[in-house]
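> Below is the sequence, then the predicted model.
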Amino acid sequence: LFVPKIYFISRDPDKNVTYYNVIDFDKTKIEKTYKPIILEDDDGKASQKSKVELRALETGIYKFSNNFNLMAFPFDKQVLRITSYDFDNAIDSSVIMPGEYNLKYLQDFQKSGNISPGWKIKKIEILDDVIIDPTVNVAGSALHVDIHVEREVGYYLFKIIFPIVLILMVCWSVSWINPRELESRLTITVVCLLSLIAYNFVIDSELPKLNYLTVLDMIILT
């Protein structure tokens, strides 16, 4: 086996690559390892002229920021985006590309369903892009990993919407009471009204605090 000569242009192959929408990470929990891969020649053998690919593997915990549109809550679908980019090199000299196994690992992650309770993964895709740094007005290569997730609505249907409909059905039952029984009709109506008001306070912690109405807000108001 011939061992080719290795020339390092940079100590770290991903020195200039960083995350665009990361908001927090713990340096003490981030580990990086390096592995040189000898690429075989066209004849399937390694020689002194064979090229060497230096791979850097980084593992750790990051927190990313994404903008959600909750107009359709709780029937909403969101996109969790992780963006890596390179602003230190010109776009015509450095391009970020997905690895050969990236999509496979993401598909395995989708099949595992290992995501926050109450959500399910619909699909995962990798997209190439160009991002302009707003501070220096320089374009850099970027790579997006988009995880499309959908909220599971069972909790909101059975524990929020159904009880409200049930209270309303009790309230509408006054239509079958003799109009002469005014006191009974008023009692049921007032009790149901107070029940709905109290129930709104109970479920308030389960609803997002937004300055616009969601589907669930409109159902409750109706």
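Structure's in. What do you need? The structure displayed is predicted, hence computed values, not measured ones.

> For stretch 187-198, buried residues please.
Using 16 or more other Cβ atoms under 10 Å as the test for burial, stretch 187-198 gives 188, 192, 195. Using the backbone N, CA and C atoms, a C-beta is placed for each residue, glycine as well.

> wait, I meant stretch 60-76
Quick answer for stretch 60-76 (16+ other Cβ under 10 Å): 70, 73, 74, 76.

> How about the third one, nearest residue that isn't a chain neighbour?
When you say that, I think you mean residue 74. Nearest non-adjacent residue to residue 74, counting by Cβ to Cβ, 6 or more residues apart in numbering: residue 156, 4.1 Å away.

> Provide the contact partners of the one helix or strand the one you found maps to at residue level.
Residue 156 is located in helix 154-156, with elements delineated by DSSP states H and E. Applying Cβ atoms under 8 Å, 6 or more residues apart in numbering, the contact partners of helix 154-156 are 74, 118, 206, 216.

> Show only the entries of the residues you listed found in helices.
Counting by DSSP state H, the contacts of helix 154-156 place residue 216 in helices.

> Need the nearest residue in space to the residue nearest the centre of the chain, chain neighbours excluded.
In the chain, the centroid-proximal residue (Cα atoms, centre = their mean) is residue 80; its distance is 2.3 Å. Distance criterion Cβ to Cβ, 6+ apart; nearest residue to residue 80, sequence neighbours excluded, is residue 147 at 4.2 Å.

> right, and the helix or strand after the helix or strand bottoming out on mean pLDDT in the chain?
The weakest-scoring helix or strand in the chain, judged by mean pLDDT, DSSP states H and E, is strand 52-59 (a mean of 79). As assigned by DSSP H and E, the chain's next helix or strand after strand 52-59 is strand 62-64.

> Pull the distance from that following strand to the chain's centre.
Centroid displacement of strand 62-64 relative to its chain, using Cα atoms, centre = their mean, to the nearest Å, is 11 Å.

> Which secondary structure elements does that strand sit against?
Where contact means 3 or more Cβ pairs under 8 Å, 6 or more residues apart in numbering; DSSP states H and E, strand 62-64 is packed against strand 22-25, strand 77-86.

> again, 6 Å this time
Here strand 62-64 touches strand 22-25, going by 3 or more Cβ pairs under 6 Å, 6 or more residues apart in numbering; DSSP states H and E.

> Not counting the strand it packs on itself, show me its contacts.
Residues outside strand 22-25 that contact it (Cβ atoms under 6 Å, 6 or more residues apart in numbering): 62, 63, 64, 65.

> Apply 8 Å and report the result again.
60, 61, 62, 63, 64, 65.

> before we move on, back to that, return the member of the buried residues of stretch 60-76 nearest to residue 33.
Proximity of the buried residues of stretch 60-76 to residue 33 was ranked by Cβ to Cβ; the top entry is residue 76 with 38.6 Å.
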